[in-house]
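Undergrad: Quick one: sequence plus predicted model below, questions after.
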Amino acid sequence: MDKNRRKNLKKVADLMNKQSNRPIPTSLIKSVIDVLDTLLTSEEIDFLLKMGINSYKRAELEALYGVSEDNFPKIFENLIKKGFIWSTSSSNGEDLFEMPPMMVGLFELQIPKGNETPQDTKFLKSLTKLFKSFEKFNFIGGRTLLNMYYKIGGPFWSIAKVESKQSKDRTINVNDSIDVPETSVLRAGTVNEIVEKYGKDGNIAVSNCICRQHVISEGGSCRLKLPRETHMWLGKVANHVIKHKLGREISKSEALEILKDVREKGGIHEIMYHKMDPNDLELSICNCCWDCCNSIGAYNRGQIPLYIKSNYLSTIPDISKCTGCENCIDYCPILAISMKNGKAIINEKKCIGCGQCEYHCPEDAFKLIKKTRTVFLPVLKKSKARISS
């Protein structure tokens, strides 16, 4: 790669980083540039640098590019399909186009249907390199720096508990208020509540999980056997995904069926926010496993810390119900449960309130209590990683 191209790709990376409350660290910028290099032509790079981080109507973008140019539609559509431009609706309903962040945005919109081309394979290999770059911090001083970096901005995603097998809510109330403002998506207790809301008021779209696609491209498979098509988009972002065929529109009932399949197999529901801003109502549901995922899974591989917002805490009100079957240990995504004298013990500081223990306990020993809190789990030493990278 020549110096000028590298310089311009760095500028694009910097612009995309400005679109997120949680930018990718500059120490990893070389790996980021390698990822962008697999996706962009020189003409597309020039276009993005002209566009910057402002929002434009299509006609304004065309004027910015040059109305005399015949190939504007091709470049414009290609950048949308590649995930470098996405749209929202203005107050009068007209589309406004802007550059998304890399996460959640660019990466999640790659290979939405799983039909890999040679360019897609190259992209996924560069993504592997980027994710593995975090491992260079896994030494005594490096882990401290990485933990500090993650703590600075606070949690930027949350965990929604899986629905109980019974139709009614089996949670036990504590003194926390559950009278939550309608605008605070972060406080939605269950993933089904979120789908119910957007199933009524907006569109829901689904596309392939980039993490699972990434594992498959490396010759692996999901240990939990979760399907690839599980990443959900809600609200205005869903409209963009559907309109430009970056995923497919699904009904509320289809969304609930996907969520049921995920939780039956041990997956959890991470709520990812637009521009990594927990106060932004545009969001997506990343149906994750402790294996493939590049948040929960990356924590288990000893690559990154885990910093999330949780609304629940798991408890065992009557320990006599526990028979020591260890189902809870098998399904806990962050190994917050251990056994002592044949009975389950919960590490409350580690519990993320996902509800997998409650859902899969054959003796109904677990109960979730409503307790809004943040959970910070420092990056694991390589010797304590649950899975190898």
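TA: Nice, thanks for sending it over. Residues are numbered from 1 along each chain as shown.

Undergrad: Pull out the CA atoms of the host helix or strand of residue 206 and give them to me as CSV.
TA: Remark: residue 206 resides in strand 204-208, with elements defined by DSSP states H and E. Only the C-alpha atoms of strand 204-208 are listed here, as CSV (Å, rounded to 0.1, in the frame of the first residue of the first chain):
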residue,chain,number,x,y,z
ILE,A,204,-37.4,-4.9,12.4
ALA,A,205,-34.7,-6.3,10.1
VAL,A,206,-32.3,-9.2,10.5
SER,A,207,-28.9,-9.9,8.9
ASN,A,208,-26.1,-12.3,9.4
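
Undergrad: Residue 374 - nearest residue in space that isn't next to it in sequence?
TA: residue 155 (5.2 Å; Cβ to Cβ, 6 or more residues apart in numbering). C-betas here are computed from N, CA, C, even on glycine.

Undergrad: Spell out the secondary structure type for that neighbour.
TA: Using DSSP: H, G, I helix; E, B strand; the rest coil, the secondary structure recorded for residue 155 is coil.

Undergrad: can you tell me which residues contact it?
TA: Residue 155 makes contact with 278, 307-309, 374-376, according to Cβ atoms under 8 Å, 6 or more residues apart in numbering.

Undergrad: Then residue 111?
TA: Counting by Cβ under 8 Å, 6+ apart, residue 111 touches 120, 123-124, 208, 210, 213.

Undergrad: And residue 35, by the same measure?
TA: Residue 35 makes contact with 123, 126-127, 129-130, according to Cβ under 8 Å, 6+ apart.

Undergrad: Now rank the residues you listed by neighbours and give me the top one.
TA: Scoring the contacts of residue 35 on neighbours with other Cβ atoms under 10 Å, the highest-scoring entry is residue 123 at 25 neighbours.

Undergrad: sorry, back to before: among the contacts of residue 35, which are in helices?
TA: 123, 126-127, 129-130 (DSSP state H).

Undergrad: and the angle from whatever helix or strand comes next after the strand holding residue 206 to strand 204-208?
TA: Toward the C-terminus, strand 204-208 is succeeded by helix 210-217 as the next helix or strand (DSSP H and E). With axes from the mean of the first three to the mean of the last three Cα atoms, to 10 degrees defining the directions, helix 210-217 sits at 20 degrees from strand 204-208.

Undergrad: May I have helix 210-217 as CSV, with CA atoms only?
TA: Extracted in CSV, the C-alpha atoms of helix 210-217 (Å, rounded to 0.1, in the frame of the first residue of the first chain):
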residue,chain,number,x,y,z
ILE,A,210,-20.6,-10.9,11.5
CYS,A,211,-18.9,-12.6,14.4
ARG,A,212,-20.4,-16.0,13.5
GLN,A,213,-19.6,-15.4,9.8
HIS,A,214,-16.1,-14.5,10.8
VAL,A,215,-15.6,-17.8,12.8
ILE,A,216,-17.1,-19.9,9.9
SER,A,217,-14.7,-18.2,7.4
